[in-house]
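Undergrad: Dropping a prediction and its sequence here:
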Amino acid sequence: MFKYLAKVGSNTLLSRILGFVRDLVLAHVFGANAGTDAFFVAFKIPNFLRRLFAEGAFSVAFVPVLAEYKEKRGFDELKRFVDRVAGTLGAVLLAVTVVGVLGAPALISVFGAGFLAKGDQTTFWLASDMLRLTFPYLLFISLTAFAGGILNAHNRFGVPAFTPVLLNIALISCALWLAPLMQRPIMALAWGVLLAGILQLLFQYPFLRRLRLAPRFRFAPRDEGVRRIGRLMLPALFGVSVTQLNLLLDTLIASFLASGSISWLYYSDRLMEFPLGVLGVALGTVILPSLSSHHANASREAFSRTIDWALRWALLFGLPAAVGLFLLSGPMIATLFHSDAFDAQDVLMSRRSLMAYSLGLLPFILIKVFAPGFYARQDTATPVRFAVIAMLSNMVLNLALVFPLAHAGLALATTLSASLNALLLYRGLRQAGAYQPDPG
């Protein structure tokens, strides 16, 4: 498992480094202004849905069922299951994509309501135009996550972990070389998102063929395995993605604040996502297939040991990373992003929200460790109760902290609600007898 963690972590590290290069390029080329606010809203909507459906609810429902088919059924039955899930998922995603593209202005009026409230019609329509290009990313990246789930279940962790690198390469390339050619340069980023989705899906296809699991799309919503995934997905929509829902609420409220607030939150969140991706996401990715196999084989002791192993790594690296982010927030932002377009005021504002986010780094990582303990047991209902509690607390804290602390209050509210969610997940695993900490 450590070998798999190192493989996922190293590829994620490469992706995060290129993500920093991407953000550095965006900050230097475009700065923090109404145009970047429009792009971040247009990108955040399909990106949020990706994390909610593809890497969130779908993955935690799909991987445990896939592991059960792999452990207990023959290859032919496994292949039929993959084909039917692919066809059903693809049909649903295609319908959602068409609705999203046609209803782009309506979505921006909801998730970027502050643009209209401030009478900023130019930014509103710019965000709508960009969303028409970025929304199809949901279709391609969700199918990519489906392919990645199959590869992870067969211990092929490296390919799915490398795939996000292609998004950063596409955005960097479009910002540097496509933007100067366009009448509205910021639109190049929307084209980059669409291109990245296509490239990521095509990249994984040859590796599926090697496993003889490249899907033939079969629409079969009544299939027993497909229906099980659907039942597990519904509650998991909230349970696995409470952090993303909270971040989206932050964006909605931030659209009512001073111009640049959304961008300040974005850049500070990107810095916090660095250790969260390298450690938290990697841990969650590696342990879910193992936990699912242990549950399918009724090995409770191995199940608990796997969670304990992940928790030790989370604490060993998560605590120092959180301290480092808090103490070095200003110097890191200044070093990475400070330029003529991203001035000293932008650095100061981003630093404030990063300090608030850093306090929640460990809880964010712990959620990635504890949540798979429920999903591997095909229990998606229990985390929903915890997620709803955390979401409600986040909404209350947003309203309480946004007035004295502005955008930094939104980041602090997200941190506090994540802490509550992690605590509830831990207590739930202990009460269910699924996790018993080893000595030390």
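TA: That came in fine, so what should we check first?
Undergrad: Leu361: neighbour count?
TA: 26 (other CB atoms under 10 Å). Glycine gets a C-beta too; all of them are placed from N, C-alpha and C.
Undergrad: show me the contacts for it.
TA: Neighbouring residues of Leu361 by CB atoms under 8 Å, 6 or more residues apart in numbering: 272, 275-276, 318, 321-322, 325.
Undergrad: Now flag whichever of the residues you listed is closest to Leu424.
TA: Using CB to CB, Gly318 comes nearest to Leu424 of the contacts of Leu361, at 18.3 Å.
Undergrad: What count of nearby residues applies to the closest one?
TA: 23.
Undergrad: tell me the contacts of it?
TA: 275, 279-280, 361-362, 365-366.
Undergrad: and Leu131, what element?
TA: Element membership for Leu131, per DSSP states H and E: helix 121-134.
Undergrad: Report all helices and strands that that helix contacts.
TA: Under the contact definition 3 or more CB pairs under 8 Å, 6 or more residues apart in numbering; DSSP states H and E, helix 121-134 sits against helix 34-49, helix 75-102, helix 104-111, helix 113-117, helix 187-210.
Undergrad: got JSON lines for these, with mean neighbour count too?
TA: Converted to JSON lines, the helices and strands packed on helix 121-134 look like this (neighbours: other CB atoms under 10 Å):
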{"stretch": "helix 34-49", "mean neighbour count": "24"}
{"stretch": "helix 75-102", "mean neighbour count": "18"}
{"stretch": "helix 104-111", "mean neighbour count": "18"}
{"stretch": "helix 113-117", "mean neighbour count": "17"}
{"stretch": "helix 187-210", "mean neighbour count": "20"}
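Undergrad: can you tell which of these is closest to Tyr4?
TA: Per CB to CB, nearest to Tyr4 of the helices and strands packed on helix 121-134: helix 187-210, 15.7 Å.
Undergrad: Tell me how confident the model is about that closest one, as a mean pLDDT.
TA: Regarding helix 187-210, the rounded mean pLDDT is 93.
Undergrad: hmm, who's touching stretch 113-128?
TA: With CB under 8 Å, 6+ apart, stretch 113-128 has contacts from 34-35, 37-39, 41-42, 104-105, 108-109, 112, 184, 186, 252, 254-257.
Undergrad: so how far does it reach from one end to the other?
TA: Using CA to CA, to the nearest Å, one end of stretch 113-128 lies 12 Å from the other.
Undergrad: Of all the residues in the helix holding Leu131, which ones are buried?
TA: Going by neighbour count (16 or more other CB atoms under 10 Å), the buried part of helix 121-134 is 123-124, 126-134.
Undergrad: the inter-axis angle of that helix versus helix 75-102?
TA: Calculated by axes from the mean of the first three to the mean of the last three CA atoms, to 10 degrees, helix 121-134 forms an angle of 160 degrees with helix 75-102.
Undergrad: what distance separates the helix or strand following helix 121-134 from the middle of the whole chain?
TA: Going down the chain from helix 121-134, the next helix or strand is helix 137-153, by DSSP H and E. From the chain centre to the centre of helix 137-153 is a distance of 13 Å (CA atoms, centre = their mean, to the nearest Å).
Undergrad: And for stretch 289-304?
TA: With CA atoms, centre = their mean, you get 25 Å for stretch 289-304.
Undergrad: Check the separation of the first and last residues in it.
TA: OK, stretch 289-304 end separation, CA to CA: 14 Å.
Undergrad: can you list the domains in this protein?
TA: With the TED database as the criterion, the domains of the chain are listed as 1-238, 257-432.
Undergrad: Low-confidence ranges, this structure, go.
TA: Residue ranges of the chain with pLDDT under 70: 52, 54-56, 238-248.
Undergrad: center of it, which residue is that?
TA: What sits nearest the mean C-alpha location of the chain, by CA atoms, centre = their mean, is Arg51, with 4.2 Å.
Undergrad: Can you classify it by secondary structure?
TA: Taking DSSP: H, G, I helix; E, B strand; the rest coil as the rule, one finds Arg51 in the helix state.
Undergrad: The chain: strands as residue ranges?
TA: Using DSSP state E, the chain contains no strands.
Undergrad: Provide a list of residues in contact with the spatially closest residue to Pro136 that is not a sequence neighbour.
TA: Excluding its sequence neighbours, the residue lying closest to Pro136 (CB to CB, 6 or more residues apart in numbering) is Thr97, at 5.3 Å. In this structure, Thr97 makes contact with 135-136, 138-139, judged by CB under 8 Å, 6+ apart.
Undergrad: I'd like the distance from Ala321 to Ala161, if you could.
TA: To Ala161, Ala321 is 19 Å away according to CB to CB, to the nearest Å.
Undergrad: Equivalent analysis for Arg84, please.
TA: To Ala161, Arg84 is 27 Å away according to CB to CB.
Undergrad: Give me the phi and psi for the nearest residue to His28 once chain neighbours are set aside.
TA: Closest residue to His28 apart from its sequence neighbours, by CB to CB, 6+ apart: Ser339 at 4.8 Å. When read as degrees, to the nearest 10, the backbone of Ser339 gives phi -160, psi -180.
Undergrad: who's in contact with Ser339?
TA: 27-28, 31.
Undergrad: Compare those and tell me which is most surrounded.
TA: Neighbour max across those (other CB under 10 Å) = Ala27, 22 neighbours.
Undergrad: how many neighbours does the spatially closest residue to Phe317 that is not a sequence neighbour have?
TA: Leaving aside its chain neighbours, Phe317 sits nearest to Leu279 (5.2 Å; criterion: CB to CB, 6+ apart). As a burial measure, Leu279 scores 27 neighbours (other CB under 10 Å).
Undergrad: Leu279 contacts Ala314, correct?
TA: Yes. Applying CB atoms under 8 Å, one finds Leu279 in contact with Ala314, separated by 6.7 Å.
Undergrad: Mutual contacts of those two, please.
TA: Residues within reach of Leu279 and of Ala314 at once, by CB under 8 Å, 6+ apart, are Ile365.
Undergrad: quick one: buried residues of stretch 136-152?
TA: By 16+ other CB under 10 Å, the buried positions in stretch 136-152 come out as 136-152.
Undergrad: Likewise for stretch 304-324?
TA: Judged by neighbour count (16+ other CB under 10 Å), stretch 304-324 contains these buried residues: 304-307, 309-311, 313-314, 317-318, 321-322.
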